[in-house]
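Student: Fold the following for me, if possible:
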Amino acid sequence: MRRSLIALILCFQSLATLAAQQPSPSPPPPLPQTKTETQKPQPQQRNEDVDVVKITTNLVQVDAVVTDKNGNRITDLRPEEVEMLEDGRNQKITNFSYIALDSKPPDTSNAKPLDKNAPPTPPVKLRPEQVRRTMALVVDDLGVSFESANYVRQSLKKFVDQQMQPDDLVAIIRTSGGIGALQQFTSDKRQLYAAIEKVKWQPNGRGNISAFAPLGSDPNIQSEGQTDSGQTRDADIEQFREDYFAVGTLGALNYVVRGLRELPGRKSIVLFSEGFQIINSEDSSVNDRILFGLRRLTDLANRASVVIYTMDPRGLQPLGLTAADSTAMMTPEQVEQQLSNRRNALFESQSGLDYLAAQTGGMSIKNTNDLNGGMKRIIADQEGYYLIGYRPDDSTFDRVNGRTKFHHISLKIKRAGKYNIRMRNGFYGVSDEVITPTAGRTPQEQILNALTSPFARSGIHLHLTSLFVNDAQTGSAMRSMLHVDPRDIDFTQEPDGMHKAVFDILAVAFGDNGQVLEQFSYTQTLRIKDENFARVLNNGFTYHVTVPVKKAGAYQLRTALRDKSSERLGSASQFIEVPDIKKNKLLLSGIVLRGMTLDAYLKNAGVKNEEQTTNDIAVDALPKASPALRQFQTGMALAYGVTIYNAQLDKTSGKPNLKIQVRVFRNGEQLFAGNELGYDATQQADLKRLSVVGGIELGSAMAPGEYVLQIIVKDLVKEKPRVATQWMDFEIVK
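Tutor: Model prediction:
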């Protein structure tokens, strides 16, 4: 794997010498700071206490949404107009405030009409203080029917297209996908579209082809020759199967809630599911297994300040006879009994969804064919809430008969009128100091938890860069560079003067179905000579990983590193979309960026490569300007390299006819657009894979911060041009 990546680096360096033979982009004028950068109001900094519901020995803090009888939000309540009750006893409120989350719509008064043929704008990477909502859209594909799966996909696409806002962080998660399917939260719609395409019916789950099996195919109808005991046994097996998958769904939700705990913004989960049964109406028995799982989940969600909304995608069901039902050989009593069973099954399965939403302050959307309307209600519900705190009695955390007690909380409005209140309805009498959702106790559990979490750990700063590439011999691959900041790792000085560090590293590549494609893990002992130690601390070091990819799709690489001495953890993950190059579409590889002096670039000196290698670790001489870290200073030349795949050839000349343009963005706004330049393929050996290199000068007026470089390629051989784009982020530092 190391040999493949070194070939990539050398390829980029050798291509840099060809820049003089290409129409070289002229260095741009200094990039000015636009007025929008200085005049836009900065997002209000959140106090961490605002986002987290606390349950400690001296504070219970919850949030509540209050509406009037018409559904209008009430925002002007005063502390003296409310009462907080715990197990029916009035509590003294210590803090009371209304948190408004309204975001102003973008100013479109001077906006130009959208050009449908224009290249897409690269997505904006949100900073924590910019995030308004963090939403996990969880599709319970273990518990939705074939028909419902299609409706869910349509609803998700419409949400991403029309309802998702620029300051939203969103993830689309499937309960059957395993740890590899938990994508990182993103504002990049490309990643979300890729996740939506994987939402499919799972024939091995508890969902059927349709919401209910037609009459006449119901296994509970006793057939000729079947005994009562056999019928009971089959029903018990089916019930166990239902419970098994329902518990699996709740376990996946637990996993998502734990990850959401540390994220910013108003945090919510929207669960698309056909439900699970809590109470059996025939004998009024309670499914203790499901109820216990629900209570654990709701307690965890309440502590993480996560509101759970549920949506039943079955829509409005006809509960009478349908054309699909066959009543042959059935008596009227049997028909009525089966219809009654169908109605009970619907109501009982929705009871679990109702409970989950009610206990976490969310809403349950059911018995409606308008799923998009349900999403609008959920989005509108997150515009603001009351944050209320009180000091609990010591008895709140006492154990009763050796068991932790579940406490019910409620809110009463003393103002005249009828009001609807939605809030978290209870918690277990255990303080947050006791329940800490941290990593496992053993080193193996710690690094595994860091790896499987959909959210990065920052105890050790890691920077992961993954690129799509394709080679004529080896095919498509995902090539990644993991940069490690050694200042976060504890080194000990040995008697011989060497500096030593020991850490565990684990990396796993997942396919779009959550399956593991490649993995490696080992304990690394790093020994550095004293004369090189300061250089390594300043530069860091980079791991190289290459994973062959045989099938097109969305992939991800997850990495975790644990320092054995300090037990600090770092993790990083990145998604990469691997296209199908055999479809002959115009495509671009990932972009390699490297910083160099302007003189070196103009003299075609190439990229100076001063590397020392030790145990498969490359120590870059200029780490901040390397492709792994991409941190540049103004006045540098930003050199780029990319490969064009499947360019069409002109029938007369036998060569491609391409135009290439470079654009630079910050915070979604275009700061620079280069001229469209023609491409000279004279010295290209493989016309299916055309190498492009160039560079731009980073102007002195570019403020420190994050930027995006976009490369646009137009294929002009045919009358209707084909267009391909690719982008890569970088950072300007002082």
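Student: Could you pull up phi and psi at Asp490?
Tutor: phi -80, psi 130 (degrees, to the nearest 10).
Student: From the chain's centroid, how far away is the strand or helix carrying Glu336?
Tutor: Secondary structure from DSSP states H and E places Glu336 in helix 332-359. The chain centroid and the centroid of helix 332-359 are separated by 34 Å under C-alpha atoms, centre = their mean, to the nearest Å.
Student: Pass me the low-pLDDT residue ranges in the stretch 351-500 of the chain, would you?
Tutor: 433-441, 452-455 (pLDDT under 70).
Student: can you give me the strands in it?
Tutor: 364-365, 384-390, 399-400, 403-404, 406-413, 419-423, 426-428, 462-471, 475-484, 492-493, 499-510 (DSSP state E, counting those that start in this stretch).
Student: now the strands for the stretch 201-350 of the chain?
Tutor: 266-272, 279-280, 285-286, 306-311.
Student: Quick one: closest of those strands to Arg527.
Tutor: Of all those, it is strand 266-272 that lies closest to Arg527, at 44.0 Å by C-beta to C-beta. Yep, even glycine has a C-beta here, placed from its N, CA and C like the rest.
Student: helices or strands up against the closest one?
Tutor: strand 133-139, helix 146-158, helix 228-260, strand 306-311, helix 371-380 (3 or more C-beta pairs under 8 Å, 6 or more residues apart in numbering; DSSP states H and E).
Student: Next, format the strands of the stretch 351-500 of the chain as CSV and append distance to Asp68.
Tutor: Listed next are those as CSV, based on distance: least, C-beta to C-beta, whole Å:
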stretch, distance to Asp68
strand 364-365, 20
strand 384-390, 14
strand 399-400, 39
strand 403-404, 37
strand 406-413, 10
strand 419-423, 6
strand 426-428, 25
strand 462-471, 49
strand 475-484, 53
strand 492-493, 65
strand 499-510, 47
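Student: so which of the ones you listed comes closest to Lys659?
Tutor: Of the strands of the stretch 351-500 of the chain, nearest to Lys659 by C-beta to C-beta is strand 462-471, at 22.0 Å.
Student: what is the orientation angle of that closest one with strand 475-484?
Tutor: If you take axes from the mean of the first three to the mean of the last three C-alpha atoms, to 10 degrees, strand 462-471 sits at 160 degrees to strand 475-484.
Student: Not counting strand 462-471 itself, show me its contacts.
Tutor: Here strand 462-471 makes contact (C-beta atoms under 8 Å, 6 or more residues apart in numbering) with 8, 456, 476-485, 557, 559, 561, 570-579, 581, 589-592, 627-630, 643, 645, 689.
Student: Check stretch 397-404 too.
Tutor: Thr57, Lys405, Tyr428, Gly429, Val430, Ser431.
Student: The residue lying closest to the fifth one once chain neighbours are set aside pairs with what?
Tutor: On the basis of C-beta to C-beta, 6 or more residues apart in numbering, the spatially nearest residue to Val430 that is not a chain neighbour turns out to be Thr404, at 5.6 Å. Applying DSSP bridges to Thr404 yields these beta-bridge partners: Arg399.
Student: Distance of Thr404 relative to Gln631?
Tutor: 49 Å (C-beta to C-beta, to the nearest Å).
Student: Which one's more surrounded, those two?
Tutor: For the pair Thr404 and Gln631, the greater number of neighbours falls to Gln631 (17 against 14), based on other C-beta atoms under 10 Å.
Student: Next up, the contacts around the closest residue to that one other than its chain neighbours.
Tutor: What sits nearest to Gln631 in space, not counting adjacent residues and going by C-beta to C-beta, 6+ apart, is Lys624, at 4.0 Å. Neighbour list for Lys624: Gly595, Gln631, Phe632, Gln633, Val733 [criterion: C-beta under 8 Å, 6+ apart].
Student: rewinding a little: buried subset of the contacts of stretch 397-404, written for PyMOL?
Tutor: Those of the contacts of stretch 397-404 that count as buried under 16 or more other C-beta atoms under 10 Å are selected in PyMOL with:
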select buried, resi 405+428+429+430+431
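Student: Please give me every residue in contact with the closest residue in space to Val545 that isn't next to it in sequence.
Tutor: Using C-beta to C-beta, 6+ apart and skipping the chain neighbours, the partner closest in space to Val545 is Ser480 (4.6 Å). Going by C-beta under 8 Å, 6+ apart, Ser480 touches Leu464, Thr465, Ser466, Leu467, His544, Val545, Thr546, Val547, Leu557, Gln574.
Student: got the buried residues for stretch 716-723?
Tutor: Leu716, Val717, Arg722.
Student: Any idea how far apart the tips of that stretch sit?
Tutor: End-to-end distance for stretch 716-723, by C-alpha to C-alpha, to the nearest Å: 9 Å.
Student: before we move on, what about stretch 365-378?
Tutor: 9 Å.
Student: hmm, back to that, list just the nearest of the contacts of stretch 397-404 to Ala136.
Tutor: For these, the nearest to Ala136 is Tyr428 (22.8 Å; C-beta to C-beta).
Student: low-confidence ranges in the stretch 1-150 of the chain?
Tutor: In the stretch 1-150 of the chain, residues with pLDDT under 70: 1-54, 102-117.
Student: and the closest residue to Leu263 other than its chain neighbours, what are its bridge partners?
Tutor: Leaving aside its chain neighbours, Leu263 sits nearest to Thr134 (4.8 Å; criterion: C-beta to C-beta, 6+ apart). Counting by DSSP bridges, Thr134 forms beta bridges with Leu169, Lys267.
Student: all strands of the stretch 551-700 of the chain, in order?
Tutor: 553-563, 569-578, 587-588, 592-596, 611-614, 617-620, 631-632, 637-645, 658-666, 669-673, 677-678, 689-697.
Student: C-alpha coordinates for the longest one, CSV please?
Tutor: The C-alpha coordinates for strand 553-563 follow below in CSV (Å, rounded to 0.1, in the frame of the first residue of the first chain):
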residue,chain,number,x,y,z
GLY,A,553,-20.4,3.9,-4.5
ALA,A,554,-19.9,6.1,-1.4
TYR,A,555,-17.1,4.9,0.8
GLN,A,556,-15.6,6.0,4.1
LEU,A,557,-12.3,5.5,5.9
ARG,A,558,-12.4,5.6,9.7
THR,A,559,-9.2,5.9,11.8
ALA,A,560,-8.5,6.1,15.5
LEU,A,561,-5.3,6.5,17.4
ARG,A,562,-4.7,6.0,21.2
ASP,A,563,-1.6,7.1,23.1
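Student: Mean confidence (pLDDT) on that strand, please.
Tutor: Mean pLDDT, strand 553-563: 88.
Student: Which neighbouring elements make contact with that strand?
Tutor: Strand 553-563 packs on helix 189-196, helix 443-452, strand 462-471, strand 475-484, strand 499-510, strand 541-548, strand 569-578, going by 3+ C-beta pairs under 8 Å, 6+ apart.
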